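J.: how does the following fold in three dimensions:
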Amino acid sequence: MYCIEFCPYSVLQKSENINYKGFHYPRVKPGKEDSCVACRICELLCPDFAIFIKEVDT
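T.: Numbers count the residues shown, from 1 in each chain. All right, here's what the predicted structure looks like:
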């Protein structure tokens with residue numbers, strides 16, 4: 001959960017759901033969808049390389 005702890009904009013939170021490996025995965029907090037600035041800190045800190053940023057054109 002390094003991605004949650006070190007997100008500079010507090011965009012992520014721990015999901016209540018569990019993935020196929022048995023972990024509570026990070027998710028975007030409700031209402032914070034537009035707060036991510038794609039700094040990629042979450043990508044860099046994830047030891048399992050399980051999170052990635054995909055930029056979307058609006």
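J.: quick one, what contacts residue 27?
T.: By Cβ atoms under 8 Å, 6 or more residues apart in numbering, residue 27 lies in contact with 12, 13, 14, 15. All C-beta atoms are positioned from the backbone trio N, CA, C, and that covers glycine.
J.: among the residues you listed, who's most crowded?
T.: The most crowded member of the contacts of residue 27, judged by other Cβ atoms under 10 Å, is residue 12 (21 neighbours).
J.: got the phi/psi numbers for that residue?
T.: phi -100, psi 150 (degrees, to the nearest 10).
J.: residue 29: neighbour count?
T.: 15.
J.: no no, residue 21
T.: The number of residues packed near residue 21 is 8, by other Cβ under 10 Å.
J.: and residue 52, how far from residue 31?
T.: Taking Cβ to Cβ, to the nearest Å as the criterion, residue 52 is separated from residue 31 by 22 Å.
J.: no no, residue 1
T.: Counting by Cβ to Cβ, the gap from residue 1 to residue 31 is 20 Å.
J.: ok, back up a step: which of the contacts of residue 27 lies closest to residue 42?
T.: Closest approach to residue 42 among the contacts of residue 27 (Cβ to Cβ): residue 12, at 6.8 Å.
J.: pretty sure that closest one contacts residue 2?
T.: No: under the criterion of Cβ atoms under 8 Å, residue 12 lies out of contact with residue 2, with a separation of 10.2 Å.
J.: got any residues that touch both of the two?
T.: Overlap of the contact sets of residue 12 and residue 2 (by Cβ under 8 Å, 6+ apart) consists of residue 42.
J.: which residues in this structure form strands?
T.: Under the criterion DSSP state E, the chain carries strands at the ranges 12-18, 24-28.
J.: out of those, which gets the lowest mean score?
T.: Lowest mean pLDDT of the strands of the chain: strand 24-28, a mean of 90.
J.: now do the buried residues in that strand.
T.: If you call a residue buried by 16 or more other Cβ atoms under 10 Å, then strand 24-28 has these buried ones: residue 26.
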